[in-house]
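*Asks:* Just need the structure, nothing else, for what follows:
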Amino acid sequence: MKPYYEHAGITIYHGDCREVLPSIEFDVVVTDPPYGVLEPGDFNPRVRDDRGASHGLVRDTYLSYVDTYDNFVGTVVPALNLAILASKRAAVFTGPHIQEQAKAKAIGGIYCAAGCGRHHWGFKTFLPVLFYGNAPNLHLGCKPNTIQSTATAHGDVDHPCPKPLSWMRWLVSLASLETETILDPFCGSGTTLEACKILGRCAIGIEIEEQYCEIAAKRLSQEVFAF
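*Replies:* Take a look at the predicted model:
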């Protein structure tokens with residue numbers, strides 16, 4: 001498959017990750033997939049009552065994918081499993097359906113004291129990350145912090161559920177070595193890939209929506225500064 005974008009160790013493929021995965025090589029998965037948060041009839045989170053929302057970071061629907069529970073377990077989870085099985089280790093942001101995903105070795109995440117939306121029990125202040133495999137250099141006595149505290153609630157790009165760049169920089173640093181290639185099979189607007197670029201990692205992103213591929217490619221084409 002011809003890359004949609006390829007430069008300086010960063011590659012984007014426009015397509016279904018289940019079809020692309022067999023033809024690429026990578027070491028580590030770092031991703032923020034759809035969570036399956038929409039309930040029947042709930043097709044526009046932007047206008048719903050956020051007090052009943054199950055995921056406060058959602059600002060709009062995806063272009064063609066409807067983020068329902070059925071689509072999550074039928075499409076997203078099988079694709080995640082394929083990627084995780086082919087990797088040395090993985091770090092996966094997750095929503096309310098943790099039990100439907102492959103059993104993780106550890107759970108960490110992002111703690112937002114100021115809140116990042118509401119769910120059916122009140123304010124949402126924690127976004128879990130599932131960790132698969134062992135942390136890099138754990139055999140050397142490495143003891144990484146798997147919980148990150150932040151006041152940032154979301155990224156500022158044209159995507160329904162963007163993660164802040166700082167979050168993905170932390171997660172890429174936590175999950176990978178500089179010599180390893182990162183895969184984001186649901187790369188969306190390219191935040192994981194931008195984090196990899198800043199940190200000097202090679203990375204591969206796969207995205208089924210061409211409009212998001214375009215956004216990611218434009219972000220990666222701009223000069224970035226490590227900070």
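*Asks:* Residue ranges in this structure under the pLDDT threshold?
*Replies:* For the chain, the stretches flagged by pLDDT under 70 are 40-63, 152-161, 223-227.
*Asks:* center of it - which residue?
*Replies:* Residue closest to the mean C-alpha point of the chain, counted by CA atoms, centre = their mean, is residue 32 at 1.6 Å.
*Asks:* tell me the contacts of that residue?
*Replies:* 92-93, 161, 163, 168, 184, 186, 188, 191-192 (CB atoms under 8 Å, 6 or more residues apart in numbering). Every residue, glycine included, has its C-beta placed from N, CA and C.
*Asks:* And for residue 69, nearest residue in space, chain neighbours not counted?
*Replies:* Leaving aside its chain neighbours, residue 69 sits nearest to residue 36 (4.5 Å; criterion: CB to CB, 6 or more residues apart in numbering).
*Asks:* Please disregard the earlier target; I meant residue 147.
*Replies:* In space, residue 147 is closest to residue 108, 5.3 Å off (CB to CB, 6+ apart).
*Asks:* Residue 126 is in contact with the one you found, correct?
*Replies:* No. In this structure, residue 108 is not within contact of residue 126 by CB atoms under 8 Å, at 9.9 Å.
*Asks:* between those two, who's got more neighbours?
*Replies:* residue 108 (19 against 14; other CB atoms under 10 Å).
*Asks:* Spell out the residue ranges of the strands in the protein.
*Replies:* 5-7, 10-14, 28-31, 89-93, 106-112, 118-119, 122-123, 126-132, 147-150, 181-184, 202-207 (DSSP state E).
*Asks:* For residue 100, find the nearest of those strands.
*Replies:* For residue 100, the closest of those is strand 126-132, at 11.3 Å, according to CB to CB.
*Asks:* Mind listing what's buried along that closest one?
*Replies:* 127-132 (16 or more other CB atoms under 10 Å).
*Asks:* now swap in stretch 137-150 and tell me
*Replies:* Taking 16+ other CB under 10 Å as the criterion, stretch 137-150 shows 146, 148, 150 as buried.
*Asks:* nearest to residue 172, of these?
*Replies:* Using CB to CB, the buried residues of stretch 137-150 come closest to residue 172 at residue 148, 12.1 Å.
*Asks:* Who is that closest one paired with across the strands?
*Replies:* residue 110 (DSSP bridges).
*Asks:* Pretty sure it sits against residue 173.
*Replies:* No. When contacts are counted by CB under 8 Å, residue 148 is not listed as touching residue 173 (10.4 Å).
*Asks:* tally of neighbours for residue 78?
*Replies:* Residue 78, neighbours per other CB under 10 Å, totals 10.
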